[in-house]
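Q: just a sequence and a predicted model for now, questions to come.
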Amino acid sequence: MFAQAQRVPSPRIEMFLRRDFLSPEECAGLIALIDAGRRPSTITDDIGVAYYRTSETCDLDRADPLVAAIDARLAAFAGLDPALGEPLQGQRYAVGQEFRQHTDYFEEASADYHVHTAVAGQRTWTLMTYLNAPEAGGATRFKVIDKIVQPEPGKLVAWNNRRPDGTPNPATLHAGMKVRAGVKYVITKWYRERPLG
Ligand SMILES: O=C(O)CCC(=O)C(=O)O
Ligand SMILES: [Fe+2]
């Protein structure tokens, strides 16, 4: 698991970084797919709770050979059953766009917690890969552990959204900071406790 990855030295989050997880050609191919399929992120997709994301989102089509190959590589890298994965998502952030502080797991207190978790359960791991580096801004900030991850083309960051006892880990609170110059592209893969069916 997490071959050639670097463990982020935090006692509070199980987190890994892996440079050059994707090649420049793969990054370019995914950016083209995101540009072709992007739509504004809405506050009701995925989570349904306060979802402060102003970027554009794109569900990447599993039938596309590039998407299928990367999807399989992500699961193998994390040692997870591919059946536990949500569809691979692309995000595009223009200048001024951001994804404000949030956790990727579903808040138990939220009104539609049961709707989101009934079939597949909670989110477990997040694997996010930067496809490029914007000219300024766009880092991912984990405020609780005081860690800022800088975008680099092909660099993957993976973290476990749970504590060792399996409960959601509030220390995973994070934000995609505002892009100040240029455009930022990422792909995000979320895994669940049970297959999505
Ligand atoms: O774009 C980022 O840096 C963060 C993205 C994120 O938090 C997510 O997709 O869940
Ligand atoms: Fe997130």
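A: It's in. Ligands and ions are numbered 1, 2, ... in the order given.
Q: end to end, how far does stretch 155-172 reach?
A: Stretch 155-172 has an end-to-end distance of 19 Å (criterion: CA to CA, to the nearest Å).
Q: sorry, slip of the keys, the one I care about is stretch 100-108.
A: End-to-end for stretch 100-108, by CA to CA: 19 Å.
Q: that stretch and ligand 1 in contact?
A: Yes. Legend: contact between stretch 100-108 and ligand 1 by CB under 6 Å from any ligand atom is shown at Asp104. C-beta: built from backbone N, CA, C; applies to glycine.
Q: now that stretch: how far from the chain's centre is it?
A: Centre-to-centre, stretch 100-108 and its host chain are 12 Å apart (CA atoms, centre = their mean, to the nearest Å).
Q: beta partners of the closest residue to ligand 1 within the chain?
A: Taking CB to the nearest ligand atom, ligand 1 has its nearest neighbour within the chain at Gly176, 2.8 Å off. Note on Gly176: beta-bridge partners by DSSP bridges are Phe99, Thr140.
Q: so which residues of the protein form helices?
A: 24-37, 65-78, 113-117 (DSSP state H).
Q: the inter-axis angle of the first one versus helix 65-78?
A: The reference is to helix 24-37. Angle, helix 24-37 to helix 65-78, by axes from the mean of the first three to the mean of the last three CA atoms, to 10 degrees: 120 degrees.
Q: run through who's touching helix 24-37.
A: 22, 56, 58-61, 64, 66-67, 70, 90-92, 131-132, 153-154, 185, 187 (CB atoms under 8 Å, 6 or more residues apart in numbering).
Q: and if we set it to 10 Å?
A: With CB atoms under 10 Å, 6 or more residues apart in numbering as the test, helix 24-37 has contacts from 21-23, 56-61, 64-67, 69-70, 73, 88-92, 129-132, 153-155, 183, 185-187.
Q: what does the second one give?
A: Residues outside helix 65-78 that contact it (CB under 10 Å, 6+ apart) are 1-5, 16, 18, 21-22, 25-26, 29-30, 32-33, 59-62, 64, 80-85, 87-88, 90, 124-127, 129, 156, 158, 160, 187, 189, 191.
Q: buried residues in it?
A: 67, 70-71, 74-75, 77-78 (16 or more other CB atoms under 10 Å).
Q: okay, these in TSV with pLDDT and distance to ligand 1 next?
A: Shown next, in TSV, are the buried residues of helix 65-78 (pLDDT from 0 to 100; distance: CB to the nearest ligand atom, whole Å):
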residue	pLDDT	distance to ligand 1
Val67	98	16
Ile70	98	16
Asp71	98	16
Leu74	98	14
Ala75	98	17
Phe77	98	17
Ala78	98	16
